[in-house]
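Participant: Quick one, structure for this:
(one chain, ligands or ions: 1)
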Amino acid sequence: MDEVEYLKDSYKKEFETKVKKVKDKFVVLENTIFYPNSGGQPHDEGKIIRDSDEFKVVYVGKFDGEISHEVDKEGLKEGDEVKLVLDWERRYKLMRSHTAAHLVSAIFHNEAGAKITGNQLNLDKTRIDFSLDEFDKEKIIEYIEKCNEYIEKDLKVTDSYMSREEVEKNPDLVKLAKGLPEGIKELRMLEIEGLDKQPDGGTHVKSLKEIGKIVFVKADNKGAKNRRVYFSLEDANNNC
Ligand SMILES: [Zn+2]
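Facilitator: Have a look, this model is predicted:
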């Protein structure tokens, strides 16, 4: 299974590769550590360096199966040897938020049978949409506290690959209401040790303690069953 570099090692902050294709300010690389905007996780930022020339990465998206990096100026050419450098502070915050979102989803699912209908990570706060019959703010705050208890236990976070058939045979594995992505035969499964396992293509921290502390921000009612919950993160003590 060919993995992109950001999935192979989400902690890689720098990487050397070659330019595969260029059109104006849009650059495709042979491999990349830049995460493209998808699945509720915003794209990475940083720079592509060729010799002493720096190109700022302003947007990263996935188009027709290829990851395209939009840079701030033209000039990169096919075949160029380049060094990639991530804005690590931004990425690490998003990794912590993404793992936190999985933890919150798992607890809401286990405690209340909630189904996740959407989520959006942001640098200041994360939003998760649930379908849940009863709306009880006190309960939601209680669930968030439970999440923090799990963080204290410092469960490990790992990934592995499973065939689509295997995943489909086990409906518990798929908490997203909309089901599995189309046309993918092999799925990357993200697991929070003993608590949650689901298909995922994002970048995550290695253990729950890195999340820090989850802080409830607010909860909104978005219709008969739709709930929207916002949380933010407090830094872990030994932030790397
Ligand atoms: Zn995810």
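Participant: what sits against the residue nearest in space to the middle of the chain?
Facilitator: Centroid-nearest residue in the chain: residue 202, 3.5 Å away (criterion: Cα atoms, centre = their mean). Under the criterion of Cβ atoms under 8 Å, 6 or more residues apart in numbering, the neighbours of residue 202 are 35, 39, 40, 41, 98, 190. C-beta: built from backbone N, CA, C; applies to glycine.
Participant: Which residue is the nearest non-sequential neighbour of the residue of the chain found nearest the ion?
Facilitator: Here the chain gets closest to the ion at one residue, residue 200, 4.0 Å apart by Cβ to the ion. What sits nearest to residue 200 in space, not counting adjacent residues and going by Cβ to Cβ, 6 or more residues apart in numbering, is residue 190, at 3.9 Å.
Participant: Check residue 159 too.
Facilitator: Nearest residue to residue 159 in three dimensions, chain neighbours excluded: residue 190, at 5.3 Å (Cβ to Cβ, 6+ apart).
Participant: Look up the residues forming beta bridges with the one you found.
Facilitator: Beta-bridge pairing for residue 190 (DSSP bridges): residue 159, residue 198.
Participant: Tell me the pLDDT of it.
Facilitator: The predicted structure scores residue 190 at 94 on the pLDDT scale.
Participant: do the same with residue 198
Facilitator: pLDDT recorded at residue 198 is 87.
Participant: wait, isn't the residue nearest to residue 200 in contact with residue 157?
Facilitator: Yes. If you go by Cβ atoms under 8 Å, residue 190 and residue 157 touch, sitting 7.1 Å apart.
Participant: Overlap of the contact sets of the two?
Facilitator: In contact with both residue 190 and residue 157: residue 204, using Cβ under 8 Å, 6+ apart.
Participant: other SSEs contacting the longest helix seen in the chain?
Facilitator: The longest helix of the chain (DSSP state H) is helix 88-112. Here helix 88-112 touches strand 115-120, strand 126-131, helix 137-153, strand 186-192, strand 196-199, strand 213-221, strand 226-234, going by 3 or more Cβ pairs under 8 Å, 6 or more residues apart in numbering; DSSP states H and E.
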